[in-house]
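**Q** predicted coordinates and the sequence they were generated for:
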Amino acid sequence: MPETGTWSSYYIIKAGRELRQRCIAEGVKLVFTRAAIGSGTPADPAAINTMTGLIAYEKDVIIKKSYALEENHLCIVRVDNTGYTQDVFMTEVGIFARGEDQADSEAILYGYAYNVDGYVLIPQQTSITNLKYLKSPWTPISAFPPISRSSMMAVPSLSATLIWTICRTLSTLPWQNKVNIVTPEIYDLPLINGFAATPSAKYWKTQENIVTITFRIGKGGVEIPAGVHQIGLLPEGFRPSVESRGTIISYPTVTIPGLSWISSDTGIINIQIGSNIAANAQASIAGQILCVAAY
């Protein structure tokens, strides 16, 4: 993913400094609520001190983690392209914060950084989600020194993230690809020849084209004789590329009476029982088959 340019220092703006000072004075934890990215750049860097939001807001992003190093703190912000219908050229990042005694709706723009002469390209979403991690090493700026660890200890209720405030540079880690996870729809399995679900017979297909058929069926107290029985029909689009097999067990006496399989051409689900299953209202057969659907 192309990216160019140099990131500015990380600015704690006027409202952020005032919030930090209040938290120190009142012994209130400083809470970082969210991060956001945008595609704008300040015309006058001096105006950053009074900003209340990003210049061209694009999307909220996740504060992945922040933790102390020996001399400073590290923040990692995760950026992904979920929901993007077109490319975005990221040029600004903002951090929002509030006091522990405030609601999230009262959070203010606390800190800000921008790309001085370039951008980071976030491509539109396809079947792959692209993840970007922005790594910000926080180092002191002389005008606004960070709170030391010793002074933190003097205020027990103060969040450790309070010294996660100031940085000079914003660096980026390589793009990573992550397949989107799509929850499959689950369907009732069409049963035939008098078989009924006791209590369920289902099937579904994942985005990787893996089909699962799971069933527990019976005949309402009618004896099920030994032999081969056709119990259901798997719809087109879910049928395997080759004949696929599984095992079955019976209830209420748990035994393994036989096999199950799916015909690749007709989609018929078969079971083979080695001995009769006596007439019993509670009697049922359970099984599961996994297969790869034909494309």
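**A** Structure received.

**Q** count of neighbours near the nearest residue in space to Val182 that is not next to it in sequence?
**A** Leaving aside its chain neighbours, Val182 sits nearest to Gln207 (4.8 Å; criterion: Cβ to Cβ, 6 or more residues apart in numbering). C-beta here means a position set from N, CA and C on the backbone, and glycine is covered the same way. Close neighbours of Gln207, defined as other Cβ atoms under 10 Å, add up to 12.

**Q** what of Ala113?
**A** With neighbours defined by other Cβ under 10 Å, the count for Ala113 comes to 22.

**Q** now it: which helix or strand?
**A** Assigned by DSSP states H and E, Ala113 falls within strand 108-114.

**Q** residues touching that strand, excluding its own?
**A** 7-13, 15-16, 19, 32, 40-42, 48, 51-54, 91-98, 136, 165-167, 170 (Cβ atoms under 8 Å, 6 or more residues apart in numbering).

**Q** what segments of the stretch 151-295 of the chain are strands?
**A** 171-172, 176-179, 186-188, 196-205, 210-218, 227-233, 244-251, 255-262, 268-273, 284-292 (DSSP state E, counting those that start in this stretch).

**Q** which one of those strands lies nearest to Arg78?
**A** strand 176-179 (9.8 Å; Cβ to Cβ).

**Q** need the pLDDT of the nearest residue in space to Ala294 that is not next to it in sequence.
**A** Distance criterion Cβ to Cβ, 6+ apart; nearest residue to Ala294, sequence neighbours excluded, is Ser241 at 4.0 Å. Ser241 is assigned a predicted lDDT (pLDDT) of 84.

**Q** surely Ser241 touches Val292?
**A** Yes - with contact defined as Cβ atoms under 8 Å, Ser241 reaches Val292; the gap is 5.9 Å.

**Q** what about the protein, any weak spots by pLDDT?
**A** Scanning the chain for pLDDT under 70 picks out the ranges 1-4, 65-76, 126-180, 253-257, 295.

**Q** if we can go back for a sec, may I see the PyMOL selection of the buried members of the contacts of strand 108-114?
**A** To isolate the buried members of the contacts of strand 108-114 in PyMOL, using 16 or more other Cβ atoms under 10 Å:
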select buried, resi 7+8+9+10+11+12+13+15+16+19+32+41+42+48+51+54+91+92+93+94+95+96+97+98+136+165+166+167+170
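
**Q** among the contacts of strand 108-114, name the ones in helices.
**A** By the criterion of DSSP state H, membership of the contacts of strand 108-114 in helices covers 15-16, 19.

**Q** from the residues you listed, which single one is nearest Val120?
**A** Relative to Val120, the closest of the ones in helices among the contacts of strand 108-114 is Gly16; by Cβ to Cβ it sits at 23.2 Å.

**Q** not counting sequence-adjacent ones, nearest residue to that closest one?
**A** Residue nearest to Gly16 in three dimensions, not counting chain neighbours: Tyr110, with 3.8 Å by Cβ to Cβ, 6+ apart.

**Q** what is the burial count for the one you found?
**A** Around Tyr110 there are 23 other residues, counting by other Cβ under 10 Å.

**Q** next one: Thr33
**A** Thr33, neighbours per other Cβ under 10 Å, totals 18.

**Q** try the one 10 residues further on
**A** Ala43 has 8 neighbours, counted by other Cβ under 10 Å.

**Q** now it: phi and psi?
**A** When read as degrees, to the nearest 10, the backbone of Ala43 gives phi -70, psi -30.

**Q** about what we covered before: identify the residues contacting the residue nearest to Ala294.
**A** Taking Cβ under 8 Å, 6+ apart as the criterion, Ser241 is in contact with 264, 291-295.

**Q** what does Asn49 give?
**A** Contacts of Asn49 by Cβ under 8 Å, 6+ apart are 11, 13-14.

**Q** again with Pro240
**A** The contact partners of Pro240, by Cβ under 8 Å, 6+ apart, come to 211, 262, 264, 291-294.

**Q** gap between it and Lys205?
**A** Taking Cβ to Cβ, to the nearest Å as the measure, Pro240 falls 11 Å from Lys205.

**Q** please enumerate the shared neighbours of these two.
**A** The overlap between the contact sets of Pro240 and Lys205 (Cβ under 8 Å, 6+ apart) consists of 211, 293.

**Q** cool, thanks, signing off.
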